[in-house]
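> quick check, what structure comes out for this input:
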Amino acid sequence: MREWLIMLMPYFGRWPGWMNLFIESCKWNPDVRWRFYTDCGEPENKAANVDYVHLSFEDYKALVRDRLRIAFDPSDPYKLCDLKPSYGDIHARDIAGYRFFGWGDIDLVYGTISEFYTDELLARSNALSIRNDMFAGHFAILRNTRALRHAYRRIPGYREILEHPQYREMDERTFYRVFHPSEPESSGLRGIMERFNPCRRGNVFVQHHSTVLSPKGWVDGTMNYPQRWFWKHGRLTNDCDGEREFLCLHFMRWKTDKYMRSPPVQGEGAWVGLKDIVQADWRQLAADGFCISPAGITGKTPTHDFGPSP
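Numbering: from 1, shown residues only. Okay, here's the model as predicted:
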């Protein structure tokens, strides 16, 4: 199966406790490749479509300085989030031959990506995000063209933002404004030129309701978020929406309460740290399916209906 998308994934430090299950969800998307640039070694779970470039955080910062010609020397790897819109430029050699490139986080599991990003949709798309109001840091993709690899350069003061030692949220709302400017389209020659700007055409920013406990609310407009999510063989469902499948589950707010500035009414419990999040052997969970909830990641029980295996 031909791979149409490569996900660029710099990550430094140590893998989280659920990493083998993240890899398992990647494995069930054989037309997508994940490439990690990391000092973490390789997880136990191996997937033909997940590979690793082994290097230190210091070496990666040197690579960024060389490719972008900026002064880039943060102490915290979290600063790499600001770099996400420039990944295609930094790793232009690695993404040659792919129609699309993207980036994402690892505090999630995937459903079947191609069920949502079909060939028909991709044929008319340049930029895709699973949020309707921003580039989602946990999953977003761009068509692999020079103009879109360099789209981050349209951000006013992008060099200063990237050279700042702390994270400045360049990857989400700031980058979004390159594609959806707040000011009305200008008239005259400038307006005509803007109509040919690839950043203003073929944009698919659709709310896929991937992040539990988001202040945006759930699919029904309430704050009644699903409390149990079920994954098996690439199929991702939950305890609220029947057989409806989802592109991914981003459990950032179950993992930590760091982002709970305005907690929703329901489900305010959060995971604390990494201890005991995966409550069974990952091999058994990968084979039989698993449940993700505020209590952690557990095995299938008789009350969990995963549906038929593919």
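> phi, psi for the closest residue to residue 112 other than its chain neighbours please.
Sequence neighbours aside, residue 234 is the residue nearest to residue 112 in space, at 4.8 Å (criterion: Cβ to Cβ, 6 or more residues apart in numbering). (C-beta placed from N, C-alpha, C; glycine too.) The phi and psi torsions at residue 234 (degrees, to the nearest 10) take the values phi 90, psi 0.
> gap between residue 234 and residue 169?
Here residue 234 is placed at a distance of 32 Å from residue 169 (Cβ to Cβ, to the nearest Å).
> higher neighbour count, those two?
residue 234 (21 against 13; other Cβ atoms under 10 Å).
> show me where the stretch 1-150 of the chain has its strands.
Secondary structure of the stretch 1-150 of the chain (DSSP state E, counting those that start in this stretch): strands at 5-11, 32-38, 50-54, 100-104, 108-110, 127-129, 139-143.
> to residue 284, which of these lies closest?
Closest approach to residue 284 among those (Cβ to Cβ): strand 108-110, 15.9 Å.
> list the helices and strands the closest one packs on?
On a contact count with 3 or more Cβ pairs under 8 Å, 6 or more residues apart in numbering; DSSP states H and E, strand 108-110 meets helix 19-27, strand 248-250.
> how about the strands in the stretch 151-300 of the chain?
Using DSSP E, counting those that start in this stretch, strands in the stretch 151-300 of the chain cover 203-205, 229-232, 235-238, 248-250, 290-293, 296-299.
> how about residue 198: what's its closest non-neighbour residue?
Leaving out its chain neighbours, the residue that sits closest to residue 198 by Cβ to Cβ, 6+ apart is residue 147, at 4.8 Å.
> looking at that neighbour now. What's its pLDDT?
Looking at residue 147, its pLDDT stands at 96.
> does it really touch residue 196, like I thought?
No: counting by Cβ atoms under 8 Å, residue 147 sits too far from residue 196 to count as a contact (10.2 Å).
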